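S.K.: Just need the structure, nothing else, for what follows:
(one chain, ligands or ions: 1)
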Amino acid sequence: MGYYTPEEEKFRYDLREALKEDVVPYTEEIEEGKIEIWDVIRRFAKRGYLGVMYPEAYGGLGKGLMEFIIVCEEVSAVSLAVDMSMTASAYGFGALPGYLGKDVERYLTPIIKGEKVGSFCYTEPDAGSDLSRMKTVARKEDDEYVLNGEKRFIVNGSIADYLLVYARNGAFVVESAWDGFEVVEEYRMMGLHGLHLGHMKFNDVRVPEDNVVFYTGEEKTKVKVEGEEKKRAGATNMFALMLGPERAYISAECLGVARAAFEAALKYSTERVQFHRHISEFEGISFKMAEMATKLEAMRLMTINAVKAVDTDFMKSGKVAAMAKLFNATEGFDICNEALQIFAGSGYTCQSPVERYLRDIRLLGIGGGTNEIMKYAIQRDLYKELEDG
Ligand SMILES: Cc1cc2nc3c(=O)[nH]c(=O)nc-3n(C[C@H](O)[C@H](O)[C@H](O)COP(=O)(O)OP(=O)(O)OC[C@H]3O[C@@H](n4cnc5c(N)ncnc54)[C@H](O)[C@@H]3O)c2cc1C
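M.R.: Here you go, the predicted structure:
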């Protein structure tokens with residue numbers, strides 16, 4: 001592809017071989033609910049890929065964001081449900097002990113090994129795009145924090161061992177075995193079959209001091225990340241740590257799914273015969289392939305651009321990463337849709353892989369911030385840059 005170092009290419013090659021053995025044979029069974037997704041991930045975790053970015057001393061592979069992005073692309077090309085499940089655990093939750101170097105043995109090592117499952121919880125029934133509407137709140141009682149609230153649409157939420165819970169006035173590491181944690185339901189979804197999407201409640205869950213990521217005090221009504229509040233160590237770093245990288249890895253997930261759809265359609269177009277010719281000989285089909293390939297190339301560049309922005313200064317990477325996520329979610333969906341058009345009737349049945357790609361990729365314009373919220377973030381930075389000169 002020309003954009004990656006020989007080491008990164010080798011890393012990708014080895015990963016693809018590992019996926020062929022550990023995950024590819026089970027994608028249909030995951031889709032049909034015949035195998036538990038975490039049984040597959042646990043086997044794959046033995047290769048170390050869940051800890052790609054964490055120091056070797058913590059049990060990780062000690063690589064950078066680029067390798068993490070390669071993992072997200074390659075795993076998503078096989079199964080987006082697998083990638084989202086492992087990323088929510090190893091990054092959404094694991095980034096906290098991984099980067100702060102806190103409670104590594106207790107909270108990171110078992111996550112990297114796939115022995116425990118983590119999740120990260122922002123979204124609530126009344127707080128989706130607008131997280132300032134969060135109602136989850138903690139009350140300090142002696143040396144404990146009593147957490148009350150509700151979270152929904154949480155990847156792994158219904159089966160997680162450990163949860164990173166964001167509240168109006170802080171963030172807390174919670175164990176699902178503790179009193180007061182309740183799973184309300186697990187959602188059925190149009191795609192991402194096998195992934196556990198949970199709705200949970202926290203009823204007077206008592207969190208020890210050690211598990212407080214940050215706490216802004218009881219008088220705060222919301223977690224602000226603008227202005228003066230930016231200087232608050234915990235809050236700022238946590239949000240910034242999540243946002244740029246999260247958008248970058250979701251861009252890579254879009255790239256992976258769209259690439260799989262493109263490759264399937266390219267092959268099919270050389271096999272299917274109509275009007276005594278392979279359909280690839282019709283310009284109406286081959287020009288679609290040309291457009292899809294061009295979009296994929298642009299998606300790859302947008303992803304790499306987001307990685308570079310995060311690596312250069314993650315606190316300032318929000319706009320570029322939002323552009324990548326918006327572009328890749330939109331164009332990736334188009335590519336999957338066109339792939340299905342090329343498969344036509346066969347594409348609409350569950351006998352081809354492309355209907356899964358189309359259903360799965362639809363989520364990526366919603367999760368991690370909707371396409372509209374990405375546009376909101378981009379224009380906000382544009383006008384701020386204009387104002388700042
Ligand atoms: C499969 C899946 C996995 C998820 N994983 C997680 C997870 O692990 N952890 C987690 O915390 N959350 C997770 N989410 C939640 C996800 O991030 C939210 O669904 C998303 O942020 C949107 O929130 P909402 O669904 O409440 O939509 P709403 O915020 O209610 O938005 C409704 C519509 O209004 C639009 N809108 C809202 N505000 C504006 C605005 N200012 N300008 C223009 N349009 C606007 C939105 O774009 C959308 O089209 C997941 C969701 C799904 C479906």
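S.K.: What are the boundaries of the strands in this structure?
M.R.: In the chain, the strands defined using DSSP state E lie at 118-121, 137-141, 144-155, 162-167, 170-175, 181-186, 197-208, 212-215, 273-274, 277-278.
S.K.: Make CSV out of those and add mean neighbour count, mean pLDDT and distance to the ligand.
M.R.: All C-beta atoms are positioned from the backbone trio N, CA, C, and that covers glycine. Converted to CSV, those look like this (neighbours: other Cβ atoms under 10 Å; pLDDT from 0 to 100; distance: least, Cβ to the nearest ligand atom, whole Å):
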stretch, mean neighbour count, mean pLDDT, distance to the ligand
strand 118-121, 28, 96, 5
strand 137-141, 16, 96, 16
strand 144-155, 21, 98, 4
strand 162-167, 26, 96, 8
strand 170-175, 22, 94, 12
strand 181-186, 14, 98, 12
strand 197-208, 19, 98, 5
strand 212-215, 18, 89, 15
strand 273-274, 10, 98, 37
strand 277-278, 13, 98, 37
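S.K.: can you put those strands in JSON lines and add distance to Ser317?
M.R.: Listed next are those as JSON lines, based on distance: least, Cβ to Cβ, whole Å:
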{"stretch": "strand 118-121", "distance to Ser317": "19"}
{"stretch": "strand 137-141", "distance to Ser317": "29"}
{"stretch": "strand 144-155", "distance to Ser317": "23"}
{"stretch": "strand 162-167", "distance to Ser317": "20"}
{"stretch": "strand 170-175", "distance to Ser317": "21"}
{"stretch": "strand 181-186", "distance to Ser317": "33"}
{"stretch": "strand 197-208", "distance to Ser317": "27"}
{"stretch": "strand 212-215", "distance to Ser317": "21"}
{"stretch": "strand 273-274", "distance to Ser317": "47"}
{"stretch": "strand 277-278", "distance to Ser317": "44"}
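S.K.: out of the ones you listed, nearest to Gly365?
M.R.: For the strands of the chain, distance to Gly365 was read as Cβ to Cβ. The smallest value, 14.4 Å, belongs to strand 144-155.
S.K.: and the angle from the closest one to strand 137-141?
M.R.: Orientation of strand 144-155 against strand 137-141 (axes from the mean of the first three to the mean of the last three Cα atoms, to 10 degrees) gives an angle of 160 degrees.
S.K.: by contact count, what packs against strand 144-155?
M.R.: strand 118-121, strand 137-141, strand 162-167, strand 170-175, strand 197-208 (3 or more Cβ pairs under 8 Å, 6 or more residues apart in numbering; DSSP states H and E).
S.K.: Need the CA coordinates for that strand. CSV is fine.
M.R.: Extracted C-alpha coordinates of strand 144-155, given in CSV (Å, rounded to 0.1, in the frame of the first residue of the first chain):
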residue,chain,number,x,y,z
GLU,A,144,-16.4,5.8,49.7
TYR,A,145,-18.4,7.2,46.8
VAL,A,146,-22.0,6.1,46.4
LEU,A,147,-22.9,5.9,42.7
ASN,A,148,-26.4,6.1,41.3
GLY,A,149,-27.6,6.2,37.7
GLU,A,150,-28.3,4.3,34.6
LYS,A,151,-26.3,3.6,31.4
ARG,A,152,-27.6,2.2,28.0
PHE,A,153,-26.2,1.1,24.7
ILE,A,154,-23.0,-0.1,26.4
VAL,A,155,-20.8,-2.6,24.5
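S.K.: Name every strand pairing with it and say which way it goes.
M.R.: Applying DSSP bridges, strand 144-155 is found paired with strand 137-141 (antiparallel), strand 197-208 (antiparallel).
S.K.: what's the closest of those strands to Tyr249?
M.R.: Closest to Tyr249 of these, according to Cβ to Cβ: strand 197-208, at 18.2 Å.
S.K.: From Ala171, how far out is the residue in the stretch 101-250 of the chain that the ligand sits nearest to?
M.R.: When scored by Cβ to the nearest ligand atom, the stretch 101-250 of the chain has Gly128 as its residue closest to the ligand, at 1.7 Å. As judged by Cβ to Cβ, to the nearest Å, Gly128 and Ala171 stand 18 Å apart.
S.K.: what's around the closest residue to Arg106 other than its chain neighbours, how many residues?
M.R.: Distances taken as Cβ to Cβ, 6 or more residues apart in numbering place Pro97 nearest to Arg106, at 7.8 Å, with adjacent residues excluded. By the criterion of other Cβ atoms under 10 Å, Pro97 has 24 neighbours.
S.K.: Surely Pro97 touches Pro110?
M.R.: No - contact criterion Cβ atoms under 8 Å: Pro97 and Pro110 do not qualify, at 10.4 Å.
S.K.: Which segments of the chain make up each domain?
M.R.: 6-116, 120-223, 233-388 (automatic domain parsing).
S.K.: Helices along the stretch 201-350 of the chain, start to end?
M.R.: Assigned by DSSP state H, counting those that start in this stretch, the helices in the stretch 201-350 of the chain fall at 233-271, 283-313, 318-348.
S.K.: The ligand: which of the ones you listed is closest?
M.R.: Nearest of those to the ligand, taken as Cβ to the nearest ligand atom: helix 233-271 at 9.8 Å.
S.K.: Near the ligand, which residues of the chain? Just list them.
M.R.: Proximity of the chain to the ligand (Cβ under 6 Å from any ligand atom) is limited to residues 88, 119-123, 128-129, 153-155, 192, 197, 363, 366-370, 372-373, 376.
S.K.: what's the neighbour count on the residue nearest to Cys72 when sequence neighbours are not counted?
M.R.: Leaving aside its sequence neighbours, Cys72 sits nearest to Ala252 (Cβ to Cβ, 6+ apart; 4.0 Å). If you count neighbours by other Cβ under 10 Å, Ala252 ends up with 32.
S.K.: From what I see, Ala252 and Val75 are in contact.
M.R.: No - here Ala252 lies out of contact with Val75, judged by Cβ under 8 Å, at a distance of 9.5 Å.
S.K.: any common contacting residues for those two?
M.R.: Listed as contacting both Ala252 and Val75 by Cβ atoms under 8 Å, 6 or more residues apart in numbering is no residue at all.
S.K.: what are the bridge partners for the closest residue to Glu175 other than its chain neighbours, then?
M.R.: Distance criterion Cβ to Cβ, 6+ apart; nearest residue to Glu175, sequence neighbours excluded, is Tyr162 at 5.9 Å. As for beta bridges, Tyr162 partners with Gly118, Glu175 under DSSP bridges.
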